[in-house]
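[1] only geometry, no sequence info:
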Ligand SMILES: Cc1ncc(C[n+]2csc(CCOP(=O)(O)OP(=O)(O)O)c2C)c(N)n1
Ligand SMILES: Cc1ncc(C[n+]2csc(CCOP(=O)(O)OP(=O)(O)O)c2C)c(N)n1
Ligand SMILES: [Mg+2]
Ligand SMILES: [Mg+2]
């Protein structure tokens, strides 16, 4: 079993699929000659040539639309945005076109397309470069939204995304591309709609996804040290949600915390809370708490940013609020 | 007291403010010579001239940005989109520019701008013309989001919106522009962040906003006839939310239903549920239920559309689920 | 303005139009007009709902283009009934879609603005002004990748030519030399806004100059001329020389949609424009230049009447959209 | 390409540059370069974080423009340190913002990409490529409405010229004849993508042709020339004749941002470009044509060194951003 960086795991998934299927191509800013702004597509131009690894000018709406048109006639494009922040200029293309092709044509046209990019805040990038977009896309039926914490899931989920016949919003992070982990050598894929239990436990269910999982695991160490036994669910798939896993876990623990990066208001956390309180009403021994960014545009300075982020201390605070509730 | 149509109430609010303050101008597609796609701005070109009632080509991003720039240097633009669906091509301008000017400049530049347009589904407009955008904008700190059900609130909220020094997302509806109601003759404004009790009651709190209020009031008649005593909160303001009114009401009734148009996933309903379950945990005798559009892109045919909409029957169903819970 | 190099324009030419073909085009235009008139009627009877944008007056553009690009991919905006029919969507299926019936081209899910028919490569039917133009590049990308001997024809209005999506699409098409024929149907108005109030330049094809694209502007009332010029553009794009932007001057007789009384037109404008009615022009050409007996055309009119009426009846008598289909088309398997 | 009509260009001209003024511009360019070099140093020491895009090599554009439009409104993208300083933002406040300090121009909220200073009408500092261009029209709109004798100057890169936001802004500016001077700083690269791989046409000012706007392209290494040509454009726009698009050819010496090693440059390109270094050109002009004693310029260099170092020290010694300010700037009262 190889230890791969996340960027390598993603590259491997794309490369394997592209070797098998000529209709797949990767298009986006700096993906080819520059080898990717974050080196995810390193070497892919050399391997697949400029017709399949395609550099674009800065026109996200234009090349997102190009991907959609190509997918409608049977290509399987992977569209990379440099970060999801820049997808906001292509928002209409994704939510009001891609999400609706299949329905408006009554199934005549399918849309096998993956939109992928780093999501959420990195560090010190300030207000315009720190958007977490999951709720903005998961809001729309017709789209699927997935993300990963570790290399094995990055690989397996991207395999599934490329094979899917629907538009998939694939959320990465520039902060974790270098993170290394075991990735089995044989090909495999991770199905959508299945959460991953990162830690089994019985006291509280902590639900999260993406790189926030790392903050959660930090906080969990402290909780463990204090004798608590938390269960950690890594959702991986945001739309579809693994309701079964979520509800079963909360039914077991009776306590639930949801934590994610990005704004709180109508975030994905809100959706999960709304579903859990309904499904697990009789099981809950405490209100569900959300720990997200503080409700401000992302500031630049480190000291401010640290305060805004849903850091391990704030996760702990939320957990205590729940665990000590009575 | 005059009976005004909603379009007249909105027009009155804009006209009064424009008479007082030369820095206000109205800009958008067909607002001037055509008198507004839905006749909201009828006669305003004649009154204020083409420098203050401004027709634009179809370039929502362009004229939204124009409004933002003008507001930064002290103008007070009212930007009209033909409907909020078309704001999606200007999404970046609103959420990643307008929402952040004040913060990024550390308060040097304020942004007194109103974006207004009809929101949500009308009838038989199918998937691309039926988006309810409230959660897509309320997600972002820096924006305010308000809406109304009746002419008096339409007038009073628009007065406040124009006077506000922040970007305000003002949600109207083409389906109710003709609705008539009493509007006091004297000038007044309705503050943001204050919900309106449409009916006092003690059995269940029904929370809604915008034209969905009319469907709620239909359902309420049935509930009354059956001997129930529902309380109806018309939020009016989505960001900021009137937490006090919401929490007090649910604390009183112990039961809560949230209903709105648009998609359910990470909708504003989700946010309200998440907040209520936390604040009113000890008071709730039943899970909170959301009644929204069914989770599909809006279909065209009437029979399908009726099924998708959060119609009075579905509100009732939700209410029974709560009221009969035990 | 750069125009299609003569060398190519001449190389491409279709054979001169025959009487038979022109009669066929006449019939197509007639059919579109009659179907649209019936759609208007159905709308006033509330059998068609929502937005309904009629193509009456512009028939020569879609029909002439079809004569040159019948086997290519098409993609259009929301005023697409005429394009759909010209490309081969059966009148019945289209009308049934307008009626929101289970037999419609999208079984009632799409309605007037969203006609799709994969059988004849008619790719919509799109509602956001300019929003579908970038998609054309993707279709053209696939054509190139798969070495198909085709182009993608993309229709939009004068109103779309100030939208960022349109511009980005033009930039990319030219950069990648994609086989696209972009057709702006300049009918002078975007809703109530006349051309000169939309844009500082009213020769809209000049937008192409800003990206180095070849373009042409011409009046599109004569279906034969549309056929020939589009054929030249098609050949240029197909040959790998790059995309083309055509600005075809046309005119819509009705309001923007069924709910628009179109009071913004200067007095007499509509009447004047009707003097170059596409159907009348072709009728005249057939009878005067080709010596076709007017009775032959009257017979065709009668046939068209039957087809149109049958479409209407088919739509009317078809079953309502099927509630059970509601969840079937959110996600593909 | 339409260029600024001669009649206007000549009318507008500023008085010929004096030795005093040119020395001042030399000093400004020097200061920008030194501050940027110190910023680079601070970045490698992790005192500045996030993205940091240096202006080294392009100084003549901002400084020359400032000489012609000092009292106008400016708005720029994320490579805006030079513009900010040229427009009057004190080096200290800017550097402190880069350090994320409470004394910064935006008290640490904005950082390198978001310098704002209302005192000198410097309106940012924006991070989304092309996204700020539409704002310029709004500023110009206000200028027109209030009959101010000003223009709005808007800077952006070659990379922005394929974005819908840029195009829509150009369309609207020309339609409404707004007093805008749009300045594309064409430095050949958008990140790693060279001009010819971004656009089918590389004379980017031709984008203006597509909307009927007047435009000009020129090399911007000579600050005096920039001053004069921008002054002409300013006068044209100010007079009510309409907006202008200037494409100023320039070159950045560093990578796109501090994390870009810029390996995509052809060998020798950087060295060749450095032969027309703006500061060297002006140094030469002053000493050779104006007969300024090189010692005078060395003295200026020394002064600049002090100002730059002071800015660095000020930033370093300033207090951290204030946590209590975090919620103060979400909503205005
Ligand atoms: C982005 C966007 N903005 C506004 C609208 C509303 N709208 C629908 S059609 C139309 C006019 C379009 O005119 P044009 O492109 O000339 O096409 P025509 O109707 O003349 O065929 C407008 C403003 C829309 N559908 N999309
Ligand atoms: C809409 C958008 N897409 C992508 C980016 C990422 N990005 C930042 S700068 C840049 C290159 C811009 O190049 P150019 O406009 O030429 O300006 P320069 O850096 O040369 O000054 C890119 C792709 C962005 N900020 N915004
Ligand atoms: Mg038109
Ligand atoms: Mg550049």
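    That came through fine. If you're wondering where the values come from, they're calculated on a predicted model, not measured in any experiment. Ligands and ions are numbered 1, 2, ... in the order given.
[2] which residues in the stretch 201-326 of chain A form helices?
    Using DSSP state H, counting those that start in this stretch, the helices found in the stretch 201-326 of chain A span residues A:212-225, A:243-253, A:268-279, A:302-308, A:312-323.
[3] so which of these is the most surrounded?
    Neighbour counts (mean count of other Cβ atoms under 10 Å in any protein chain shown) averaged over each of the helices of the stretch 201-326 of chain A peak at helix A:268-279, with a mean of 26. For the C-beta atoms, the positions are set from N, CA and C on the backbone; glycine is no exception.
[4] packing partners for that one?
    Packing partners of helix A:268-279 (3 or more Cβ pairs under 8 Å, 6 or more residues apart in numbering or on different chains; DSSP states H and E): helix A:134-138, helix A:243-253, strand A:256-259, strand A:289-291, helix B:268-279.
[5] redo those as JSON lines? Include distance to residue B:110.
    Converted to JSON lines, these look like this (distance: least, Cβ to Cβ, whole Å):
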{"stretch": "helix A:134-138", "distance to residue B:110": "26"}
{"stretch": "helix A:243-253", "distance to residue B:110": "42"}
{"stretch": "strand A:256-259", "distance to residue B:110": "33"}
{"stretch": "strand A:289-291", "distance to residue B:110": "30"}
{"stretch": "helix B:268-279", "distance to residue B:110": "26"}
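[6] which one of those lies nearest to ligand 3?
    Among the helices and strands packed on helix A:268-279, helix A:134-138 comes nearest to ligand 3, with 31.9 Å by Cβ to the ion.
[7] can you show me the strands along the chain?
    By default, I'm working from chain A. A:2-5, A:24-28, A:53-55, A:76-80, A:114-118, A:144-147, A:168-172, A:180-183, A:196-199, A:204-208, A:230-234, A:237-239, A:256-259, A:289-291 (DSSP state E).
[8] actually, chain C is the one I wanted.
    Going by DSSP E, chain C shows strands at C:73-76, C:122-125, C:152-157, C:180-186, C:189-190, C:193-194, C:214-219, C:244-249.
[9] mind putting the helices and strands packed on helix A:268-279 into CSV with distance to ligand 3?
    Formatted as CSV, the helices and strands packed on helix A:268-279 follow (distance: least, Cβ to the ion, whole Å):
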stretch, distance to ligand 3
helix A:134-138, 32
helix A:243-253, 47
strand A:256-259, 49
strand A:289-291, 48
helix B:268-279, 36
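[10] just send those back as CSV, with mean pLDDT and distance to ligand 4 too.
    Putting the helices and strands packed on helix A:268-279 into CSV (pLDDT from 0 to 100; distance: least, Cβ to the ion, whole Å) gives the following:
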stretch, mean pLDDT, distance to ligand 4
helix A:134-138, 98, 29
helix A:243-253, 98, 47
strand A:256-259, 98, 39
strand A:289-291, 98, 40
helix B:268-279, 98, 41
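[11] just tell me which of these ends up closest to residue C:232.
    Residue C:232 lies closest, by Cβ to Cβ, to one member of the helices and strands packed on helix A:268-279: helix A:134-138, at 42.7 Å.
[12] go ahead and confirm residue A:40 touches residue A:177.
    Yes. Contact status for residue A:40 versus residue A:177: in contact at 6.7 Å, counting by Cβ atoms under 8 Å.
[13] between these two, which one's more packed in?
    Shown here are residue A:40 and residue A:177; by other Cβ atoms under 10 Å in any protein chain shown, residue A:40 has more neighbours (27 against 20).
[14] what sits against the residue nearest to that one when sequence neighbours are not counted?
    Spatial nearest neighbour of residue A:40, excluding adjacent residues (Cβ to Cβ, 6 or more residues apart in numbering or on different chains): residue A:7 at 4.7 Å. With contact set as Cβ atoms under 8 Å, 6 or more residues apart in numbering or on different chains, residue A:7 has these partners: A:36, A:38-40, A:42, A:177-178.
[15] do that again at 10 Å, thanks
    For residue A:7, the contact set (Cβ atoms under 10 Å, 6 or more residues apart in numbering or on different chains) comprises A:36, A:38-42, A:151, A:154, A:172, A:174, A:176-179.
[16] show me where the stretch 1-150 of chain C has its helices.
    Under the criterion DSSP H, counting those that start in this stretch, the stretch 1-150 of chain C contains helices at C:6-12, C:19-44, C:59-69, C:81-87, C:91-98, C:133-145.
[17] now the ones you listed in CSV, with distance to residue C:321?
    Below are the helices of the stretch 1-150 of chain C laid out as CSV (distance: least, Cβ to Cβ, whole Å):
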stretch, distance to residue C:321
helix C:6-12, 43
helix C:19-44, 16
helix C:59-69, 27
helix C:81-87, 18
helix C:91-98, 10
helix C:133-145, 26
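[18] near ligand 2, anything from stretch A:15-35?
    Yes. Applying Cβ under 6 Å from any ligand atom, one finds stretch A:15-35 in contact with ligand 2 at residue A:29.
[19] could I get the buried residue list for that stretch?
    Judged by neighbour count (16 or more other Cβ atoms under 10 Å in any protein chain shown), stretch A:15-35 contains these buried residues: A:15, A:17-18, A:23-32, A:34-35.
[20] among those, which two are most distant?
    Maximum pairwise distance among the buried residues of stretch A:15-35 (Cβ to Cβ): 24.4 Å, between A:23 and A:34.
[21] picking that back up, out of the helices and strands packed on helix A:268-279, which is closest to residue C:63?
    For the helices and strands packed on helix A:268-279, the distance to residue C:63 is smallest for helix A:134-138, at 40.4 Å, taking Cβ to Cβ.
[22] and that closest one, what's buried?
    Those would be A:134-138, for helix A:134-138 by 16+ other Cβ under 10 Å.
[23] check contacts around the residue lying closest to residue A:142 once chain neighbours are set aside.
    Closest residue to residue A:142 apart from its sequence neighbours, by Cβ to Cβ, 6+ apart: residue A:99 at 3.4 Å. Residue A:99 sits next to A:93, A:111, A:137, A:139-144, A:166-167, A:169, B:127-128, B:297, C:330 when contact means Cβ under 10 Å, 6+ apart.
[24] switch the cut-off to 8 Å
    Going by Cβ under 8 Å, 6+ apart, the list of residues near residue A:99 reads A:140-143, A:167, B:297.
[25] can you check residue C:108 too?
    Applying Cβ under 8 Å, 6+ apart, we find residue C:108 in contact with B:299-301, B:303-304, C:97, C:99-102, C:320-322.
[26] next, count neighbours for whatever residue of chain A ends up closest to ligand 3.
    With Cβ to the ion, the shortest gap between chain A and ligand 3 falls at residue A:92, namely 20.1 Å. By the criterion of other Cβ under 10 Å, residue A:92 has 30 neighbours.
[27] wait, it sits on residue B:84?
    No. Residue A:92 sits out of contact with residue B:84 when judged by Cβ under 8 Å, with a separation of 11.7 Å.
[28] could you list the low-pLDDT ranges of chain A?
    Low-confidence regions of chain A, defined here as pLDDT under 70, do not occur.
[29] list, one by one, the residues from it near ligand 2.
    Within chain A, the residues that sit near ligand 2 (Cβ under 6 Å from any ligand atom) are A:29, A:58, A:60, A:82, A:86, A:89.
[30] try it again at 8 Å.
    By the rule Cβ under 8 Å from any ligand atom, the part of chain A lying against ligand 2 is A:29-30, A:37, A:58, A:60, A:81-83, A:85-86, A:89, A:128-129.
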